[in-house]
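Chemist: Need a 3D model of the sequence below.
(one chain, ligands or ions: 3)
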Amino acid sequence: MKCGPGRPCTGGRGRAEEGAPKSYRRCKPCGGKAVIHMPQHRLALCRACYPPWFEKQTQRTIERFHMFGKTDRILVAVSGGKDSLGLWHALLQLGYVADGLYIHLRIQGSDGLAYSQRSLEFARAYADRSGRELIVVDLQETMGFGIPEIQRAVHRPACSPCGTTKRHYMNKVAVERGYDGLATGHNLDDEAATLFSNTLRWDMDYLARQTPVLPAAEGFARKVKPFCFFSEKETALYAVLEGVPYIREECPFALGATSLEHKDVINRLEHESPGTKRAFLANFLSAKDRLPAPAPPAMKPCRECGSPSPVEVCAFCRLRAATLARGSGLALTQVGARSVEGQGAVVCQVKT
Ligand code: AMP
Ligand code: FES
Ligand code: ZN
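Modeler: Numbers count the residues shown, from 1 in each chain. Ligands and ions are numbered 1, 2, ... in the order given. Reported below is the predicted structural model:
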């Protein structure tokens, strides 16, 4: 029997060494020792063959969804984690023009030390290595407070207001600096968990907007997710094999998040039946293509910040106002307080 993914080696180029574990697999293209087996693709690859395969798949996703071209300027939103730094690296390897954007959220780690600061160091290290620009938006300098203060003010889990804040600045910087696209490192686990959650609630608005590419619109940058078909394990292996260091600790606010429970449920299904996760997302996207696209909500400039919003004051400005209103309990810096109150609109204080 010829050796290959899912079959034990019995001889030839892919012959396994004596005493090798039963699960020992050979790389499909070269017969070397496999470091990953992807049953959903019926493919095992070695450390040398995996990165080129991964980059080719990234290119296929970019082309399939017409995300961007080689002459476009892309802004990659980087969190310091494996997905976004791996994405930045893959895009540069593929010959795209890409800069990075890091939003300093001012979150402390579970050890009481600065989690956001540590994440920034990984993003900076990759920017130095690649010679590309890293734009940093520091919430403390721009708004006068970070995510912990917003979370205390709104009495909600941090992830939702944090997402609103990040989306606001990602879009703002991409639009103001004239980038052709904003790329995020959302992976298959993220997308499948989001789809699962939206489906459980039959949230048609969110379902309509869940797509690997959101076209640009007045005041909105084009948003793309080139890693949406890679699992977390696949993006982590790519970063490791390509020598891209990334922060391994999770955001302390993520502990107990519902999205993690959803990821867990989906991974159990995937374990029983490989390919489930990918099919869940891919089949949803093809089904959505066959349905008429819902009319986008009418937008007008937010009264406070000018960003497009379906209501008079956008979600971000309402959050900011709620945090400011909580007032005296907050240690607002002079600079931060002035930058919010003095200008009527939040102006990005961007450090490069
Ligand atoms: P998350 O919302 O934490 O699951 O992250 C999803 C994607 O958002 C990441 O892959 C990044 O592309 C982007 N992102 C998350 N946090 C930040 C951040 N602090 N600064 C810039 N981009 C971020
Ligand atoms: Fe936003 Fe953790 S990164 S709450
Ligand atoms: Zn606003």
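Chemist: How many residues are close by residue 133?
Modeler: Residue neighbour count, defined by other CB atoms under 10 Å, stands at 13 for residue 133. C-beta here means a position set from N, CA and C on the backbone, and glycine is covered the same way.
Chemist: ok, residue 107 touching residue 113?
Modeler: No: shown here, residue 107 and residue 113 do not form a contact pair, counting by CB atoms under 8 Å, at 10.6 Å.
Chemist: which one of those two has more residues nearby?
Modeler: Comparing residue 107 with residue 113 by other CB under 10 Å, the one with more neighbours is residue 107, at 21 against 9.
Chemist: Next, the contact list for residue 186, please.
Modeler: By CB atoms under 8 Å, 6 or more residues apart in numbering, the contact list for residue 186 reads 83, 225, 227-228.
Chemist: So which of the residues you listed belong to helices?
Modeler: Assigned to helices by DSSP state H, the following of the contacts of residue 186 qualify: residue 83.
Chemist: Show me the helices in the protein, by range?
Modeler: For the chain, applying DSSP H gives helices covering 50-64, 82-93, 115-130, 139-142, 147-154, 159-176, 188-200, 204-209, 232-241, 258-272, 276-290, 315-326, 334-341.
Chemist: What angle do helix 258-272 and the longest one make with each other?
Modeler: Here helix 159-176 runs at 90 degrees with respect to helix 258-272, directions being taken by axes from the mean of the first three to the mean of the last three CA atoms, to 10 degrees.
Chemist: Is ligand 2 within reach of helix 159-176?
Modeler: Yes: for helix 159-176, a contact with ligand 2 is found by CB under 6 Å from any ligand atom, at 159, 162.
Chemist: anything in that helix sitting right up against ligand 3?
Modeler: No: Helix 159-176 is not in contact with ligand 3 by CB under 5 Å from the ion; minimum separation 7.4 Å.
Chemist: which secondary structure elements does that helix contact?
Modeler: Under the contact criterion of 3 or more CB pairs under 8 Å, 6 or more residues apart in numbering; DSSP states H and E, helix 159-176 touches strand 73-77, strand 97-104, strand 134-138, helix 147-154, strand 181-183, helix 315-326.
Chemist: right, so the ones you listed: which one is the most enclosed?
Modeler: The highest average neighbour count among the helices and strands packed on helix 159-176, using mean count of other CB atoms under 10 Å, belongs to strand 181-183 at a mean of 26.
Chemist: That one pairs with which strands?
Modeler: Sheet pairing here is set by DSSP bridges, and for strand 181-183 it gives strand 73-77 (parallel), strand 223-224 (parallel).
Chemist: Which residues does the last one contact?
Modeler: Strand 223-224 is contacted from outside by 62, 65, 67-68, 171, 181-184, 212-214, using CB under 8 Å, 6+ apart.
Chemist: per-residue confidence at residue 110?
Modeler: Looking at residue 110, its pLDDT stands at 75.
Chemist: burial count for it?
Modeler: By the measure other CB under 10 Å, the count of residues near residue 110 is 11.
Chemist: What parts of the stretch 1-150 of the chain come near ligand 2?
Modeler: Counting by CB under 6 Å from any ligand atom, the stretch 1-150 of the chain comes close to ligand 2 at 105, 147.
Chemist: coming back round to it: please name whichever of the strands paired with strand 181-183 is nearest to ligand 1.
Modeler: Taking CB to the nearest ligand atom, strand 73-77 is the member of the strands paired with strand 181-183 nearest to ligand 1, at 3.3 Å.
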